[in-house]
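>>> just the structure for this:
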Amino acid sequence: MQNIVIVDKESMQEAIKDGKKLALFVVNDDGEPERFLSSVHYSTGYPLKKPNKYVEKAIEYIEENYYKDIRSEDLADFCDVSSSHLSRLFSAATGATVTAYILSVRMNRAAYLLVNTDESVVDIAREVGYVDCGYFHKRFRAFFGVTPLEYRNSISLT
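All right, here's what the predicted structure looks like:
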């Protein structure tokens, strides 16, 4: 595994652009890593195993509308298939459920915003589709293993 040391915002943005997975560590005063916090890929992390036009259409819709309330029935209607058929196709093509895919898109977008903006956690929660900040906090912690503020504070970019 290749280690990437991010020392500034430009390096981080370049790593994200190149599709590198970033790991977050708590560092001591000497800059040495003390404890692993989390890792993030800033993408869904679900590459298509079996290309499918319905799944590709669903993914495009999700990535453009992740901040909205996406119901499986509405997504299926958009793709012109039944909800159960889309669910089977989606799982076969990505290895994930539609719900897990939406969660991944939202959480990775939230992680990106936490690192690259000064927006409040409440604003970021709303921006990625969560009206209830407490629920967003719970989902973020379950997904990344740290709270949104711990995540933000674990990366200090100069």
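
>>> got the residue ranges for the helices in this protein?
9-17, 53-65, 72-79, 83-94, 98-116, 121-127, 133-144, 148-154 (DSSP state H).

>>> contact partners of the third one?
The one in question is helix 72-79. Identification of contacts with helix 72-79 by CB atoms under 8 Å, 6 or more residues apart in numbering yields Tyr54, Lys57, Ala58, Tyr61, Ile62, Ser82, Ser83, His85, Leu86, Ser87, Val98, Thr99. In this view, the C-beta of every residue, glycine as well, is placed from N, C-alpha and C.

>>> buried subset of those residues?
Listed as buried from the contacts of helix 72-79 are Tyr54, Lys57, Ala58, Tyr61, Ile62, Ser83, Leu86, Ser87, Val98; burial here means 16 or more other CB atoms under 10 Å.

>>> relative to Asp69, how far out is the closest residue to the fourth one other than its chain neighbours?
Going back to what we said before, that points to Tyr61. Among residues not flanking Tyr61 along the chain, Phe78 sits closest, at 5.5 Å (CB to CB, 6 or more residues apart in numbering). Distance, Phe78 to Asp69, by CB to CB, to the nearest Å: 14 Å.

>>> if we can go back for a sec, between the buried ones among the contacts of helix 72-79, which is closest to Asp118?
Ile62 (27.1 Å; CB to CB).

>>> tell me how far the closest one lies from His137.
Counting by CB to CB - Ile62 and His137 are separated by 22 Å.

>>> same check, this time on Asp118
The value you get for Asp118 to His137, if CB to CB is used, is 18 Å.

>>> before we move on, what about Asp29?
29 Å.

>>> can you pick out the residue with more neighbours from these two?
His137 (17 against 5; other CB atoms under 10 Å).
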